[in-house]
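Participant: Take a look and give me a structure for this.
(chains A and B)
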Amino acid sequence: MDIYLYRRLLDGSCRMTLKHYIIGFIASLALTLVAYTLVVAGSATGLTLLLLLAGLAVIQMIVQLNYFLHLGAEARPRYRLASFVFMALILLIIVAGSVWIMHHLDTNMMNMSPEAKDDYMKTQFDKGF
Amino acid sequence: MSEPHEEQAILNRSSVGFWIYLMTDCLLFASLFATFAVLRNATAGGPAGSDIFELPLVLTETVILLLSSFTCGMALLGLKTKNIRQIFIALGATYILGVAFLSIEVAEFAKLISEGHSWQQSAFLSAFFTLVATHGLHILAGLIWLVVLVVVLSRKGITPKFARQLTLFGLFWHFLDLVWIFIFTVVYLMGVAA
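Facilitator: Here you go, the predicted model:
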């Protein structure tokens, strides 16, 4: 097997260089440490903190998809990107949908006594749901 | 012996196929994340996340896994320059870091169980153990795959088939690091913060 073959094999669809991996590694490490410090230092709290953490995780996801999984360098047609976007859509529906529905079930029903729950179900049923 | 462009076509096909498997695996994790998000407050009188999580330990795990993702990338670069020694060293480092990660996780689980906080105590702990251990099992599968790759490499050297397998392993390992970022953020950091 000649070297030419291996170069062809791997150069084609990937831009794999040491520089890319180092950038990806340092950026990921920095983002992880920032998220960790935010929680430990306690400078932000509540919803602000949760949104910041989620934002940092998403940024790190994009960094790793680009620098480790080379999603941005894929040759056309972009099957990987297309299947990733579709997966992300289904993921959002599963996660956001579950949390949304179960949160409403919780607030509507979990604070009731069993008798109150029965009454509630009965009035809803009489209304014809 | 196949032509270069033919090899390229095989690599593209198999990596797209493997990528689609990874996407379905993502959906498995998505449903476990959704379960965890719904049950995170269902502690049934037991401990909440902020009572049992040790963040410094989890940060160590995160850094170890990130490092192993980097060394795995070094193995892929060794493939590009056909440097067999670099591939051996990088895969060895990846294996050691992977074992270290898994040992810390098993120790964490053992400690929780010995303190009576097993998956039987509350819905929150059931969801926690299921999500984190599913990721751990993937890491274990990756480590077994890694051993197979090293054996194949030492016997047959760098062949096009090996190059393909190592590329797919790289995708798998980087993907597991990506899933861990979300476990680290959603389960541990948000668990302690909230």
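Participant: Could I get the full set of helices for chain B?
Facilitator: Ranges of helices within chain B are B:4-39, B:49-52, B:55-81, B:84-114, B:123-156, B:160-182, B:190-193, based on DSSP state H.
Participant: how about these in TSV, adding mean pLDDT and mean neighbour count?
Facilitator: In this view, the C-beta of every residue, glycine as well, is placed from N, C-alpha and C. Listed next are the helices of chain B as TSV, based on pLDDT from 0 to 100; neighbours: other Cβ atoms under 10 Å in any protein chain shown:
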stretch	mean pLDDT	mean neighbour count
helix B:4-39	90	17
helix B:49-52	90	15
helix B:55-81	95	21
helix B:84-114	96	17
helix B:123-156	96	16
helix B:160-182	95	21
helix B:190-193	90	20
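Participant: Can you name the next helix or strand after the helix or strand of chain A with the lowest mean pLDDT?
Facilitator: In chain A, the helix or strand scored least confidently by mean pLDDT, DSSP states H and E is helix A:3-11, which has a mean of 49. Going down the chain from helix A:3-11, the next helix or strand is helix A:18-41, by DSSP states H and E.
Participant: Rounded mean pLDDT for the helix or strand hosting residue A:53, please.
Facilitator: Using DSSP H and E, the element containing residue A:53 is helix A:46-67. Mean pLDDT, helix A:46-67: 94.
Participant: residues of that helix that come out buried?
Facilitator: By neighbour count on 16 or more other Cβ atoms under 10 Å in any protein chain shown, the buried set for helix A:46-67 is A:49-50, A:52-54, A:56-57, A:60-61, A:63-67.
Participant: Check the spacing between residue A:66 and chain B real quick.
Facilitator: Residue A:66 sits at a distance of 11 Å from chain B (criterion: Cβ to the nearest Cβ, to the nearest Å).
Participant: What is the burial count for the residue lying closest to that residue once chain neighbours are set aside?
Facilitator: Distances taken as Cβ to Cβ, 6 or more residues apart in numbering or on different chains put residue A:72 closest to residue A:66, at 4.7 Å, once the chain neighbours are dropped. Using other Cβ atoms under 10 Å in any protein chain shown, the number of residues around residue A:72 comes to 12.
Participant: any idea how far residue A:72 is from chain B?
Facilitator: Residue A:72 is 14 Å from chain B, where distance means Cβ to the nearest Cβ.
Participant: Please render the helices of chain B as TSV that adds distance to residue A:31 to the earlier fields.
Facilitator: Shown next, in TSV, are those (distance: least, Cβ to Cβ, whole Å):
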stretch	distance to residue A:31
helix B:4-39	19
helix B:49-52	21
helix B:55-81	10
helix B:84-114	19
helix B:123-156	19
helix B:160-182	9
helix B:190-193	15
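Participant: Make TSV from those and add distance to chain A to it.
Facilitator: Formatted as TSV, those follow (distance: least, Cβ to the nearest Cβ, whole Å):
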stretch	distance to chain A
helix B:4-39	4
helix B:49-52	10
helix B:55-81	4
helix B:84-114	11
helix B:123-156	11
helix B:160-182	4
helix B:190-193	5
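Participant: what about the longest helix seen in chain A, average pLDDT?
Facilitator: Ordering each helix of chain A by length in residues (DSSP H) puts helix A:79-105 first. Averaged over helix A:79-105, pLDDT sits at 92.
Participant: helices or strands up against the helix or strand just after it?
Facilitator: Sequence order places helix A:114-126 as the next helix or strand after helix A:79-105, per DSSP H and E. Helices and strands in packing contact with helix A:114-126 are not found; criterion 3 or more Cβ pairs under 8 Å, 6 or more residues apart in numbering or on different chains; DSSP states H and E.
Participant: show me what contacts the residue lying closest to residue A:54 once chain neighbours are set aside?
Facilitator: Computed as Cβ to Cβ, 6+ apart, the closest residue to residue A:54 that is not its neighbour in sequence is residue B:185, at 7.1 Å. Neighbouring residues of residue B:185 by Cβ atoms under 8 Å, 6 or more residues apart in numbering or on different chains: A:35, A:53-54, A:56-57.
Participant: so how far is residue A:75 from residue A:64?
Facilitator: Distance of residue A:64 to residue A:75, computed by Cβ to Cβ, to the nearest Å: 20 Å.
Participant: swap in residue A:93?
Facilitator: The gap separating residue A:93 from residue A:75 is 30 Å, by Cβ to Cβ.
Participant: Next: residue A:60.
Facilitator: 25 Å.
Participant: what's the answer for residue B:110, then?
Facilitator: Counting by Cβ to Cβ - residue B:110 and residue A:75 are separated by 47 Å.
Participant: Apart from its neighbours in sequence, what residue is nearest residue A:40?
Facilitator: For residue A:40, the spatially nearest residue (Cβ to Cβ, 6+ apart) is residue B:55, at 6.6 Å.
Participant: Could you confirm whether stretch A:79-99 reaches chain B?
Facilitator: Yes. Using Cβ under 8 Å from any Cβ of the partner chain, stretch A:79-99 reaches chain B at A:79-80, A:83-84, A:86-87, A:90-91, A:94-95, A:97-99.
Participant: buried set for that stretch?
Facilitator: Neighbour counts using 16+ other Cβ under 10 Å place A:79-80, A:83-84, A:87, A:91, A:94-95, A:98 of stretch A:79-99 among the buried residues.
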